[in-house]
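# just coords:
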């Protein structure tokens, strides 16, 4: 697994939008600029401790749109979407791991590790090279990022 690095457009948008989301009290989780079919989509994912509602997305859309219209960082037309990062969001950036220390995560490996292809565990620490998690025996276990396909927050719906 490699930590996400923004493309040029995503980084420009992130830099423009972050002050807006900070002022509104939201955590800017991610910016994605993707082409799907004939349309380009600019997706801004926000979060806060209480979770995100449709009203939060609506509240954030107008000021984000205003900043983007003024700066005009994207030449072609696109559809702006502001949404929640989701309950079982993927951890992609260093700050994602930092804010999720102590949370339950689901880790899928590229190849089986100790006979397991996927585990649920508690995230104890993270750096650019490895994660530290709580093993089944309660002991700390180090997992190299190079062995990991993805890490997502785990939410037990039961």
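The structure has been received and is ready for your questions. As the structure is a computational prediction, the values presented were derived from the model and not from experiment.
# Which residues are in contact with the residue nearest to residue 91 when sequence neighbours are not counted?
Nearest residue to residue 91, sequence neighbours excluded (C-beta to C-beta, 6 or more residues apart in numbering): residue 151, at 4.5 Å. The way it works is simple: take the backbone N, C-alpha and C, and place the C-beta from them, glycine included. With contact set as C-beta atoms under 8 Å, 6 or more residues apart in numbering, residue 151 has these partners: 1, 90, 91, 97, 105, 106, 107, 123, 131.
# so what's residue 151 bridging to?
Bridge pairing for residue 151 (DSSP bridges) gives the partners residue 107.
# Pretty sure residue 112 sits in a helix.
No: counting by DSSP: H, G, I helix; E, B strand; the rest coil, residue 112 is not part of a helix but strand.
# just use 47 as the starting number from now, easier for me
Fine by me, first position is 47 from now on; the one you just mentioned is residue 158.
# Do a quick rundown of the strands in the chain.
With DSSP state E as the criterion, the chain has strands at 73-82, 85-93, 125-130, 150-159, 162-172, 176-180, 186-190, 194-199.
# Let's have those strands in a markdown table, adding distance to residue 118 and mean pLDDT.
Listed next are those as a markdown table, based on distance: least, C-beta to C-beta, whole Å; pLDDT from 0 to 100:
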| stretch | distance to residue 118 | mean pLDDT |
| --- | --- | --- |
| strand 73-82 | 14 | 94 |
| strand 85-93 | 12 | 96 |
| strand 125-130 | 13 | 96 |
| strand 150-159 | 38 | 93 |
| strand 162-172 | 36 | 94 |
| strand 176-180 | 39 | 94 |
| strand 186-190 | 42 | 93 |
| strand 194-199 | 34 | 94 |
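# quick one, which of the ones you listed is nearest to residue 99?
Set against residue 99 and scored by C-beta to C-beta, the strands of the chain come closest in strand 125-130, at 8.2 Å.
# partner strands of that closest one, parallel or antiparallel?
Applying DSSP bridges to the sheet, strand 125-130 is found paired with strand 85-93 (parallel).
# Nearest to residue 112 among the contacts of residue 197?
Taking C-beta to C-beta as the measure, residue 112 lies nearest residue 136 of those, at 28.9 Å.
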